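A.B. asks: What follows is a predicted structure for the sequence shown.
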Amino acid sequence: KNQVEQSPQSLIILEGKNCTLQCNYTVSPFSNLRWYKQDTGRGPVSLTIMTFSENTKSNGRYTATLDADTKQSSLHITASQLSDSASYICVVSASTSGTYKYIFGTGTRLKVLA
Amino acid sequence: EPEVTQTPSHQVTQMGQEVILRCVPISNHLYFYWYRQILGQKVEFLVSFYNNEISEKSEIFDDQFSVERPDGSNFTLKIRSTKLEDSAMYFCASRDGPGQFFGPGTRLTVL
């Protein structure tokens, strides 16, 4: 069964600190993995997208890693800011003959405190 | 930068009423999706649409739901007879490559 698990469920950190969010998946056949940031009451906004052959990808203070062998991904946030407070969702897509399925994780709710 | 837009941002309706949620996907995208997110829960897939027809739908997408692309720009989700449990955020998404782009959502409240 295609599944995406994220941990922790929620996280509180102080402004300026770093943090790492985890995503484990069992999705086949794997196509790509995307991290989204979702502010409360808003739509998800893409942070990074990674394909099978990519190990790491950065977008400013966000760095995503992918280990396709262990089916794990992480999102590292450096020097956190108050505006980083949001839910972070890992979405893994499976592709068969050009058709994509998107499997969503439950998200990690991050709170950054001053 | 092009973006997916949705209207209205918030819709309040009485149980049993019909609602239509509207989306304008990114103009050169060919694949369209509707998702919903009940408060505090994960995003759930409803339906995908390509080449003027439904390509896939979930078990949530029963015969109370329908989608339409009435012209070259809009993509709509209709709920014929709303139930209390339809209260949620509804997100439209579109894509041309492997990654999806989401709209800001419509918050549907059924009273």
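C.D. replies: Now that the structure is in, tell me what you want to look at.
A.B. asks: so where does the residue nearest to B:Pro25 when sequence neighbours are not counted fall, helix or strand?
C.D. replies: Spatial nearest neighbour of B:Pro25, excluding adjacent residues (CB to CB, 6 or more residues apart in numbering or on different chains): B:Ser94 at 3.4 Å. Every C-beta, even on glycine, is put in place using the N, C-alpha and C of the backbone. Assigned by DSSP states H and E, B:Ser94 belongs to strand B:88-95.
A.B. asks: ok, now B:Ser55?
C.D. replies: Per DSSP H and E: B:Ser55 is located in strand B:53-57.
A.B. asks: the bottom helix or strand of the chain by mean pLDDT?
C.D. replies: Looking at chain A here, since you left the chain open. Comparing helices and strands within chain A by mean pLDDT, DSSP states H and E singles out strand A:99-104 as the least confident, with a mean of 83.
A.B. asks: sorry, should have said chain B
C.D. replies: Bottom-ranked secondary element of chain B by mean pLDDT, DSSP H and E: strand B:53-57, a mean of 89.
A.B. asks: Local confidence estimate at residue 110?
C.D. replies: Assuming you mean chain A. A:Leu110 is assigned a predicted lDDT (pLDDT) of 98.
A.B. asks: Actually, chain B is the one I wanted.
C.D. replies: At B:Val110, the model reports a pLDDT of 97.
A.B. asks: repeat for A:Asp67
C.D. replies: 95.
A.B. asks: re earlier: show residues contacting the least confident helix or strand of chain B.
C.D. replies: Strand B:53-57 is contacted by residues A:99, A:101, B:31, B:46-49, B:67 when judged by CB atoms under 8 Å, 6 or more residues apart in numbering or on different chains.
A.B. asks: Tell me the buried residues in it?
C.D. replies: Neighbour-count burial for strand B:53-57 flags B:Lys57 (criterion: 16 or more other CB atoms under 10 Å in any protein chain shown).
A.B. asks: One more: stretch B:20-27?
C.D. replies: Neighbour-count burial for stretch B:20-27 [16+ other CB under 10 Å]: B:21-26.
A.B. asks: Just the residues contacting that stretch, thanks.
C.D. replies: Here stretch B:20-27 has contacts from B:2-8, B:11, B:32, B:34, B:73-79, B:90, B:92, B:94, B:96, B:101, B:103, B:106, B:108, using CB under 8 Å, 6+ apart.
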